[in-house]
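Visitor: Predicted model and sequence follow; I will ask about them next.
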Amino acid sequence: MQTSFLWTIGVAAIVMTFSVSGELIRPNLIKLGMYYNMADTIMQFDGTQMYAGAKAAEKEINAGGTIDGVQLEVVYVPAASYTSPASVVAAAASSFVNDTQYFGAILTDWVTTPTLLSTVAVGTGLNGTYPVIGARHRVDVVTGTRSDISVRQPAPTDYLMMLHHAMNAATIRCTSFAVVTRGGFMAAPIEATIASLGLHVLILELGADYSTTPAVATVLDQWSTGNANTHFYPPQCGLFFSIASDTHAILEGMYADARFNMSLMAFYSSGIASEGYWNSTLYGVAPFANFRVVTNLLSPNSATSPLAISFRAALSSYFADLNASDVPADMQQVPTLTTISLPSFEGYVTVRWIAEILSAMPSINRTLFLRSVYSRRFFWVGDTSLGPMTDRCLVDSTSSLPCACSFGLNMMRTAKINVASALPALDDVDASISTLLVPLDACYLTSSDLRTPVAVAVWYPASSSATSITVFKNFQRMMSALGTTYNNALTTARVMFSAALMNPIMPLLANESSASYLQRVYVQRMPAVTFGDIWSEVTKPVINIIASGSTLYQDPPLTAATMYSRNSWMLKPTLGDLAHGIVLGLEELYTNGGRAERTPTIVVVSDTEAGLSLATQSVHTVQWPVSGGGVLNLADAAVMRTAVRGAMSKAASGEETLLFVSSVSAAVTVNAIAAAVAASQAYEGHSSGPSVWAHFVLAIATDQNNMYTAKFGLTNRSALPHFPIYFGSYLPAFWEPTNARRLRVISTLNTTDPTVIETTSMYSSQLIFSLLQTAVEAATATRPTATDLLDVLYESSTLTANGVVIGPIYDTNCSAAVVASNTVNRRCQCFKILRTINAFDFRDWLMNTASHNPDFQWSMPTCGVEYSPLIVPTKLNVALIAGLAAPLGTVALGALVYFACCFGRRSNRTAPKSPESPFAMVFTDIQSSTSLWARAPEAMGEALEQHHALLRKLVSRHDGYEVKT
């Protein structure tokens, strides 16, 4: 039996009737022998369809006179069954090869090809002169004979396409594989490749005898429990390298097994394991819904490819005139499809290619045919390229071709089972995922050609609202689109970006802890980046970007570092960050901006004590007292309207008034904007309206997604308020019509829908992608890991990603004393990537303009907000000067006097304007500060705050200028 020869490639032959004119040899008829095993059912389906495609090409070529004065004829020649004795198989092959009526062999099946090539190699005068065209190879990458000219890429490289698709497809994202094989076929190269990628594999051996039925129950037991390499999790992807009946049996058994959720899995096969219909008696096509085969053909359904268009026309013409009695009996054992299929397209392409070669030959014989193939090297058939071809070692060549290369089509593609036809149909989404191209200077793909996946795994919070889920989906959508553009450009050819929404493909199991879930995610999907709020810290080497659906009030306390502390970054700024940035922007407005020289009455309101406290601390830091407000039920629209109207009434009387709303609530934000618009409309045409416009400012510290909700929740966005509405953002002004990032979203997603374009996730995705791109391009590792990317980013410390300043970030471990003090003024364990806040006017976002932009940006100098207390002129503060001497050491009294005279607030309003005018500079120093910090960090921090507060009060009182603290 020829069981060791399964998965081979078929043969055809050509015979000639000669006419000689001068020195030219021009046969009138060339016979191509399709030497094919139709005795065994595993080959019958593809054989029948390939024969139809080849005959369709024959008719088209002859009718069109493609080969001047020469007719082609495709003749089916039966090959021996693989169950026949070896002597019978060899005798049949020898009889065919030595039959002089055939010019050569075409389209030989997987089983027969090795015997045929062996016969050609030992045949007298045949080796290197007998064309074997379009044979199917199961085992060999290079056969070692120039006679062998293949249409397909070598089947042993198909697994590279499987891995590429499985690792990078957004709906699959597999990193744990079960390899189903017989006789160990393909096990070794796949294991080696998967190991080089740091992934996981389980080998399932079915036995070397292909005639036996697989023990499906045993296979499924092994698959469901995994092994040590898969950490005893079941692999989520299966690669089949046996025969089609094995694949059918296992997938049908799995479909009925409750241990497997096949909707979350993916399966691949190639060669002989992918032949035939994919339908089952009990379940229809359902077990094969996520099953794909690998092919080298372009889509036969293409509406633009000249080759596909001519194929469909030729096949239709062939069947229109077909007389069933002309079809060999062997080719009628299974129905011939009158519709298109990949095997029939393969038969058509093979014969068309032969005709293309022959049409350019003045003289035609076997030797000249092969010489023409290897001298021309490249071929075009209907705008589809085949080649390069070489039968020798190239000398001083810029190409990396091996000494023998005879593979035609230079791409691999995946084809998913079509539910209607139960046949493979080429994937037509994201060519960067579903297609691999062989470089022009290479013959076939190798494992080193696989690009390392840089996968971003996105989770939306389990309890999210529909609006929040949309934010996360938009993030994944934009990341995926950016990745596709990057991948297609081959900017960094060694990596492959992808982004997957994980909630559908990797659901949390019942009672599964977040730690166990992370372990399972890492084994089965292995992302480089996790994006969501499941893990505040991780225990695996991934970049963990914490993106909560809501905004935190402030940074969590500093804790002792773990091995993976540096891996987790918070994407959103805290409410404290936003409030502080807005307050500093307002200070600029009242110092150097349009409301300079005014002192506002500050009203701070919030729906929580935490929100009120943070806003108040920031207001006090710039030495503004808070005159009113408090914790109110601002989720009640009536309460919010009252607060806004009350503050506006002060402005109506000419009193400069600032209403500061601090909340993480979307409802509060929506109410605040709605109340502002309504109140603005109420004052229009009123005599006190101009006074309100001139003396009122609204500031809202909140999650920017809440501002988005507020904008698109307004029924009349054209009712523009006449006063500033300040809010904070870490992103640039993406609502401006000419903003480059906005235009990028429009072009990348091909949409002008403002509800999509103005989703903040569209811009956070650009930020993260830019950050990863920078790290990938700077990494030196051949296959960069998440750890490699982190190393690059921490080494850079500060960088700009898509216009947003990132960092500085520090991954050095803090001392126990610094951890205990929780100081923000540190250069260790600072993982706060967003330390720059922009203050914007919401009126611009409402109307998509750039008319009111305050153009204020605050870059946080510390790893968190550093507050200063409000200095109140009381006897207690006077006595404080004496109390400072003990904790701070000696500060020159003269320096205090000069400081009091010459320094002012942090505003630059009082800075020296002319270098010719005299001014004094005063420096203060704290004696033994390093020692004091080490011995009493908590006391030192409080004392330092008092020191700064006192001096700033003197600066303010005496119209001075603070240069640097």
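Guide: It's in.

Visitor: which residues in the stretch 701-850 of the chain form strands?
Guide: With DSSP state E, counting those that start in this stretch as the definition, the stretch 701-850 of the chain shows strands at residue ranges 725-729, 799-801, 804-806, 836-841.

Visitor: I'd like the average pLDDT over the longest one.
Guide: Along strand 836-841, the predicted confidence averages to a pLDDT of 97.

Visitor: got it, and stretch 406-423?
Guide: Stretch 406-423 carries an average pLDDT of 93.

Visitor: Repeat that for stretch 602-614.
Guide: The average pLDDT within stretch 602-614 is 98.

Visitor: winner for burial among the strands of the stretch 701-850 of the chain?
Guide: Sort the strands of the stretch 701-850 of the chain by mean neighbour count, taking mean count of other C-beta atoms under 10 Å, and strand 725-729 sits at the top with a mean of 25. In short, each C-beta sits where N, CA and C put it, glycine included.

Visitor: Partner strands of that strand and their direction?
Guide: strand 696-701 (parallel), strand 836-841 (antiparallel) (DSSP bridges).

Visitor: How far off centre is the first one?
Guide: Taking the mean of its C-alpha atoms, strand 696-701 sits 39 Å from the chain's own mean (C-alpha atoms, centre = their mean, to the nearest Å).

Visitor: And the last one, by the same measure?
Guide: Distance, stretch centre to chain centre, for strand 836-841: 29 Å (C-alpha atoms, centre = their mean).

Visitor: same deal with stretch 680-699?
Guide: Distance, stretch centre to chain centre, for stretch 680-699: 49 Å (C-alpha atoms, centre = their mean).

Visitor: Same check on stretch 317-331?
Guide: Worked out by C-alpha atoms, centre = their mean, stretch 317-331 lies 49 Å from the chain centre.

Visitor: give the contact list for residue 605.
Guide: Contacts for residue 605 were tallied using C-beta atoms under 8 Å, 6 or more residues apart in numbering; they are 612, 629-632, 634, 643, 659-662.

Visitor: Of the residues you listed, select the buried ones using a PyMOL command.
Guide: Here is the PyMOL command that selects the buried residues among these (16 or more other C-beta atoms under 10 Å):
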select buried, resi 612+629+632+634+643+659+660+661+662
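
Visitor: if we can go back for a sec, which of the strands paired with strand 725-729 sits closest to residue 464?
Guide: Nearest to residue 464 among the strands paired with strand 725-729 is strand 696-701; the distance by C-beta to C-beta comes to 22.5 Å.

Visitor: which residues are in contact with the closest one?
Guide: By C-beta under 8 Å, 6+ apart, the surrounding residues in contact with strand 696-701 are 575, 578-579, 582-583, 586, 589, 595, 600, 611, 614-615, 644, 647-648, 651, 657-663, 669, 672-673, 676, 707, 721, 723-728, 842.

Visitor: Give me the buried stretch members for the strand of greatest length in the chain, please.
Guide: Longest strand of the chain, by residue count under DSSP state E: strand 24-36. Residues of strand 24-36 classed as buried under the neighbour-count rule (16+ other C-beta under 10 Å) are 25-27, 29-36.

Visitor: so of the contacts of residue 605, which ones are in strands?
Guide: Those of these lying in strands (DSSP E): 629-631, 659-662.

Visitor: Now the two most distant members of those.
Guide: Distances among the ones in strands among the contacts of residue 605 were taken as C-beta to C-beta; the most separated pair is 631 and 659, at 14.8 Å.

Visitor: What are the buried residues along stretch 227-242?
Guide: Judged by neighbour count using 16+ other C-beta under 10 Å, the buried positions of stretch 227-242 are 227, 229-230, 233-242.

Visitor: Grab the nearest non-local neighbour of residue 451.
Guide: With C-beta to C-beta, 6 or more residues apart in numbering as the criterion, residue 451 has its nearest non-adjacent residue at 3.9 Å, and that residue is residue 496.

Visitor: Export the helix or strand where that neighbour lies to CSV, keeping only CA atoms.
Guide: Under the criterion DSSP states H and E, the helix or strand holding residue 496 is strand 495-501. Written as CSV, here are the backbone C-alpha positions of strand 495-501 (Å, rounded to 0.1, in the frame of the first residue of the first chain):
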residue,chain,number,x,y,z
VAL,A,495,5.5,42.4,13.1
MET,A,496,1.8,42.1,12.5
PHE,A,497,-0.6,44.4,14.3
SER,A,498,-4.1,43.3,15.2
ALA,A,499,-6.9,44.2,17.6
ALA,A,500,-9.6,41.9,18.8
LEU,A,501,-12.7,42.5,20.9
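
Visitor: Could you tell me which other helices and strands it packs against?
Guide: Applying 3 or more C-beta pairs under 8 Å, 6 or more residues apart in numbering; DSSP states H and E, we find strand 495-501 packed against helix 158-168, strand 452-458, helix 466-489, helix 761-778.

Visitor: redo that, cut-off 10 Å
Guide: The contact analysis (3 or more C-beta pairs under 10 Å, 6 or more residues apart in numbering; DSSP states H and E) places strand 495-501 against helix 158-168, helix 431-434, strand 452-458, helix 466-489, strand 529-532, helix 761-778.

Visitor: what lines up beside it in the sheet?
Guide: Here strand 495-501 has these sheet partners by DSSP bridges: strand 452-458 (parallel).

Visitor: Now do the partner strand against helix 466-489, angle only.
Guide: Between strand 452-458 and helix 466-489, the angle comes out at 170 degrees (axes from the mean of the first three to the mean of the last three C-alpha atoms, to 10 degrees).

Visitor: Pull out the buried residues from strand 452-458.
Guide: Under the neighbour-count criterion of 16+ other C-beta under 10 Å, strand 452-458 has 452-458 buried.

Visitor: for stretch 268-285, same thing?
Guide: Buried residues in stretch 268-285 (16+ other C-beta under 10 Å): 268-280, 285.

Visitor: ok, back up a step: in a markdown table, list the strands of the stretch 701-850 of the chain along with distance to residue 562.
Guide: Compiled in a markdown table, the strands of the stretch 701-850 of the chain are given as follows (distance: least, C-beta to C-beta, whole Å):
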| stretch | distance to residue 562 |
| --- | --- |
| strand 725-729 | 31 |
| strand 799-801 | 25 |
| strand 804-806 | 23 |
| strand 836-841 | 28 |
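
Visitor: between those, which gets nearest to residue 139?
Guide: Ranking those by their distance to residue 139 (criterion: C-beta to C-beta) puts strand 799-801 first, at 48.6 Å.

Visitor: How far does the closest one sit from its chain's centre?
Guide: The chain centre lies 20 Å from the centre of strand 799-801; the measure is C-alpha atoms, centre = their mean.

Visitor: And the helices in the stretch 201-350 of the chain, which stretches?
Guide: Taking DSSP state H, counting those that start in this stretch as the criterion, the stretch 201-350 of the chain carries its helices at 216-225, 244-255, 306-320, 342-359.

Visitor: thinking again about what came up before, now the strand holding residue 496: average pLDDT?
Guide: Strand 495-501 shows an average pLDDT of 95 in the prediction.

Visitor: same check, this time on stretch 455-469
Guide: According to the model, stretch 455-469 has a mean pLDDT of 87.

Visitor: can the buried residues of strand 24-36 go into TSV with extra columns for distance to residue 756 and pLDDT?
Guide: Rendered in TSV, the data for the buried residues of strand 24-36 read as follows (distance: C-beta to C-beta, whole Å; pLDDT from 0 to 100):
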residue	distance to residue 756	pLDDT
25	66	89
26	64	92
27	64	94
29	63	98
30	59	98
31	61	98
32	55	98
33	59	98
34	54	98
35	58	98
36	54	98
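
Visitor: Mind putting the residues you listed into JSON lines with distance to residue 860?
Guide: JSON lines is the format used below for these (distance: C-beta to C-beta, whole Å):
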{"residue": "25", "distance to residue 860": "84"}
{"residue": "26", "distance to residue 860": "83"}
{"residue": "27", "distance to residue 860": "83"}
{"residue": "29", "distance to residue 860": "84"}
{"residue": "30", "distance to residue 860": "79"}
{"residue": "31", "distance to residue 860": "81"}
{"residue": "32", "distance to residue 860": "75"}
{"residue": "33", "distance to residue 860": "78"}
{"residue": "34", "distance to residue 860": "74"}
{"residue": "35", "distance to residue 860": "76"}
{"residue": "36", "distance to residue 860": "73"}
